[in-house]
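Q: Need a 3D model of the sequence below.
(one chain, ligands or ions: 1)
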Amino acid sequence: MSSHAHVIGWGKYLPQRVLKNGELSELVDTSDEWIRTRTGIRERHLVEDGETTADMAVQAARQALEVAHFNPTQVELIIVATVTPDHLFPSTACLVQDMLGATRAAAFDLSAGCTGFIYGLSVAANMLLSGAYRSALVIGAETLSSITDWTDRATCVLFGDGAGAVVLQSGENEGGVLASSLGSDGSGGDLLWLPAGGSRIPTSQRTLDERLHFIQMKGREVFRFAVKVMHDATCEVLEKAGHALGDLTLLIPHQANQRIIEAAARSLDLSPEMVYSNVEWYGNTSAASIPIALSEAAEKGRIQTGDLVVCVGFGAGLTWGAAAIRWTRPQPMLAPLRRRIVRRLYYSLARIRSRFRRLIRWLSAFGIKDGLNGGRRSKE
Ligand code: ACO
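A: Numbers count the residues shown, from 1 in each chain. As a prediction, this is how the structure comes out:
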């Protein structure tokens, strides 16, 4: 049984298209000034037509595997945290598994709103600690633009698309995910929700007419809840990990609103340099926001070996959670060219493999049908 779950790879993906505040003011009654002062957001990235949550998740995962010097076949578990899966089923994690060619991985999606990545990290770390798995890809990926009501100024200015991923590996050395702390309060479910399309309010002409397939939010209530739980979850996870606030190197909060981030920092008495923020450039990418921020902070050298990092988030559910990580991975060296080429080849082969398996399935379905017909014929 291994005793630690280490973060050994990280990656992020933001789609090419950028939507600036000025362009939003052409869609709804808002202004760059209002959006910047109330949220801190300047711009967000949006998918191109046809680009999906799974596509972005795969890009972030590939980057994380590159940093980890891992081949997809070494991944034993894939968790995708998302509220905007490609389909209700199959899971986006299974699509990612196929696209990566992670032939030995179990795969499932996890829904915990913007806290999804923290939930996923906690589940994966504990599965590694149990000894049942030795490696995991935890991905947060969202296409929020697909569930954003572009006529609602109260919400459409907030969200963006993107994906972030980490690779976890079990090991005997000290460090890695030290502790996690998760919470929920379903009584606040309607503060932030997408009302229709599930079993309670199935899709109908009425749900389409009443725009019930888009995010609805009571912003002020969510704001108050967010500031309180960011403080409490951070303190709780540090205590669980046997640390105090003074030991913290960097806080990586969910990137929903700069005012929420600053209020949480004030309540924890942390200086602005100790709190990572990139909400200005990406907006709120829900479950993707923390892994994007974590990857960016690691890429920029804001996290060094030995640092104590806390990721903390809140979101639909209501849910909240925090994870304390002792960083053990030094700044990665680029893998040798030969290994990078092999990985590229592997991804191309994954596509061929996927098509081949579909073909075999198609042919075998024919085989069974022929067999049945043949059986009947022989009776006749
Ligand atoms: N442009 C101009 N005016 C606006 C806009 C806009 N885009 N949106 C709202 N307003 C107006 C309102 O109509 C209101 O006008 P009124 O006073 O005449 O009624 C005024 O601005 C103030 O509205 P508030 O809602 O009080 O504004 P607030 O300062 O609370 O900011 C915001 C709103 C940004 C939504 C804030 O409440 C917030 O960030 N809440 C938390 C959101 C959040 O974190 N969501 C998490 C999502 S997590 C997930 O799981 C997806």
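Q: And residue 304, which helix or strand is it part of?
A: When elements are assigned from DSSP states H and E, residue 304 belongs to no helix and no strand.
Q: ditto for the one 10 residues further on
A: Taking DSSP H and E as the definition, residue 314 sits inside strand 308-315.
Q: neighbouring strands for that strand, and are they parallel or not?
A: Using DSSP bridges, strand 308-315 pairs in its sheet with strand 250-253 (parallel), strand 319-326 (antiparallel).
Q: closest one to the ligand among the ones you listed?
A: For the strands paired with strand 308-315, distance to the ligand was read as CB to the nearest ligand atom. The smallest value, 8.2 Å, belongs to strand 319-326. Backbone N, C-alpha and C define where each C-beta goes, glycine included.
Q: quick one, which of the strands paired with strand 308-315 is packed in tightest?
A: Among the strands paired with strand 308-315, strand 319-326 has the highest mean neighbour count (mean count of other CB atoms under 10 Å), at a mean of 27.
Q: tell me what whichever helix or strand comes after that one is packed against?
A: The helix or strand immediately downstream of strand 319-326 is helix 337-379, counting by DSSP H and E. Helix 337-379 is packed against helix 53-68, helix 92-100, with contacts defined by 3 or more CB pairs under 8 Å, 6 or more residues apart in numbering; DSSP states H and E.
Q: Mind checking if the strand holding residue 314 is in reach of the ligand?
A: Yes - using CB under 6 Å from any ligand atom, strand 308-315 comes into contact with the ligand via residue 315.
Q: and the protein, which of its residues are near the ligand?
A: With CB under 6 Å from any ligand atom as the criterion, the chain meets the ligand at residues 30, 34, 38-39, 113-114, 153-154, 157, 192, 217, 219-220, 222-223, 226, 256-257, 260, 284, 286, 315-316.
Q: From those residues, list the buried ones, please.
A: Burial by neighbour count, 16 or more other CB atoms under 10 Å: within the residues of the chain next to the ligand this picks out 30, 39, 113-114, 153, 157, 192, 217, 222, 226, 256-257, 260, 284, 286, 315-316.
Q: In helices, which of those residues appear?
A: Of the positions in these, 39, 153, 222, 226, 260 sit in helices, assigned by DSSP state H.
Q: can you put these in JSON lines and add pLDDT?
A: Output for these, formatted as JSON lines (pLDDT from 0 to 100):
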{"residue": "39", "pLDDT": "97"}
{"residue": "153", "pLDDT": "96"}
{"residue": "222", "pLDDT": "94"}
{"residue": "226", "pLDDT": "95"}
{"residue": "260", "pLDDT": "96"}
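Q: Could you work out the most separated pair of the residues you listed?
A: Spatial extent of these (CB to CB) is set by the pair 153 and 226 at 20.1 Å.
Q: Now tabulate the strands paired with strand 308-315 in TSV and tack on mean pLDDT and distance to residue 241.
A: As requested, the strands paired with strand 308-315 are arranged in TSV below (pLDDT from 0 to 100; distance: least, CB to CB, whole Å):
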stretch	mean pLDDT	distance to residue 241
strand 250-253	98	14
strand 319-326	98	4
